[in-house]
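*Asks:* compute the structure for the input listed below.
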Amino acid sequence: MAFTQYGCGGGGGGGGGGDVTSPVVEAQGLYIGTTSKNQTVFTWILDDGSLYALYASSDSSELDGVLAGNMKASGEALSSSDVIDYGLTNSETHKATISATYAPKGWLNGALAYPDVGGASVNFTTTYDTDYEKKPTLAAIAAARARHEEPSFLALLETRIQ
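*Replies:* Model prediction:
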């Protein structure tokens, strides 16, 4: 969920009563893609419905912002009304809502809306990244870090842990 200079998170928690196969659990993963603002976005949905996203302009190695929130699920639809977008380039924070659909371990597509920014919205299209399933090791993290003389955050994210 990457977007202009607003960040997006997620809303609410998933279903109730210990259902370990709830839709939020099925949606968990790392999704990488682009936004209608020509930004690259890395989005993580955790098994508890937490949403975190990092976004940057596609032509930059600098991070533009971070989204955080809690997702609610209904079937293959996800939504949140408590997303916070932390803009790193403009030092602004905005509330956002998110509406998305997904296919487990396939894709996550949707839109962010910013009611306090004149109703601005940003669409996003992402695909599941199997790196979410890899178990990181300290050696792999150190090797990824060593490959970059002046590492940027996005460069490190784009480096696949082996």
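*Asks:* who touches whichever strand or helix holds residue 31?
*Replies:* For residue 31, the host element (DSSP states H and E) is strand 29-35. Where contact means CB atoms under 8 Å, 6 or more residues apart in numbering, the residues beyond strand 29-35 that reach it are 1-3, 40-45, 55, 58, 105, 107-108, 122-129, 131-132. From N, CA and C alone the C-beta is placed, and that goes for glycine too.
*Asks:* again, but for stretch 114-129
*Replies:* Residues from elsewhere that reach stretch 114-129 (CB under 8 Å, 6+ apart): 1-4, 6, 29-37, 41, 43, 85, 94-97, 100, 105-113.
*Asks:* 6 Å instead, please
*Replies:* If you take CB atoms under 6 Å, 6 or more residues apart in numbering as the criterion, stretch 114-129 is touched by 1, 3-4, 6, 29-33, 35-37, 41, 43, 94-96, 105-109, 111-113.
*Asks:* surely residue 53 meets residue 68?
*Replies:* No - proximity of residue 53 to residue 68 does not meet the contact threshold set by CB atoms under 6 Å, at 7.9 Å.
*Asks:* from residue 69, how far out is the residue most central in space within the chain?
*Replies:* Per CA atoms, centre = their mean, the C-alpha nearest to the average position across the chain is that of residue 43, at 2.0 Å. With the distance defined as CB to CB, to the nearest Å, residue 43 ends up 11 Å from residue 69.
*Asks:* swap in residue 93?
*Replies:* With the distance defined as CB to CB, residue 93 ends up 12 Å from residue 69.
*Asks:* ok, the two, which is more surrounded?
*Replies:* Counting neighbours by other CB atoms under 10 Å for residue 93 and for residue 69 shows that residue 69 has the greater number, 26 against 13.
*Asks:* give the buried residues for stretch 91-99.
*Replies:* Within stretch 91-99, the residues that qualify as buried are 94, 95, 96, 97, 98, counting by 16 or more other CB atoms under 10 Å.
*Asks:* equivalent analysis for stretch 110-124, please.
*Replies:* Within stretch 110-124, the residues scored as buried using 16+ other CB under 10 Å are 110, 111, 112, 113, 114, 117, 120, 121, 122, 124.
*Asks:* and for stretch 134-152?
*Replies:* Neighbour counts over stretch 134-152 (16+ other CB under 10 Å) mark residue 144 as buried.
*Asks:* got the CA positions of it in CSV?
*Replies:* Output in CSV follows, covering the C-alpha atoms of stretch 134-152 (Å, rounded to 0.1, in the frame of the first residue of the first chain):
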residue,chain,number,x,y,z
LYS,A,134,11.7,-17.8,4.0
LYS,A,135,13.4,-18.1,7.3
PRO,A,136,16.0,-15.3,7.6
THR,A,137,19.4,-16.0,9.0
LEU,A,138,21.9,-13.5,10.4
ALA,A,139,24.4,-14.5,7.7
ALA,A,140,21.9,-13.8,4.9
ILE,A,141,21.0,-10.4,6.4
ALA,A,142,24.7,-9.5,6.8
ALA,A,143,25.4,-10.6,3.2
ALA,A,144,22.5,-8.5,1.9
ARG,A,145,23.8,-5.5,3.8
ALA,A,146,27.4,-6.0,2.6
ARG,A,147,26.3,-5.9,-1.1
HIS,A,148,25.5,-2.2,-0.9
GLU,A,149,28.2,0.4,-0.4
GLU,A,150,25.6,3.1,0.6
PRO,A,151,22.6,1.0,1.3
SER,A,152,19.1,2.5,1.0
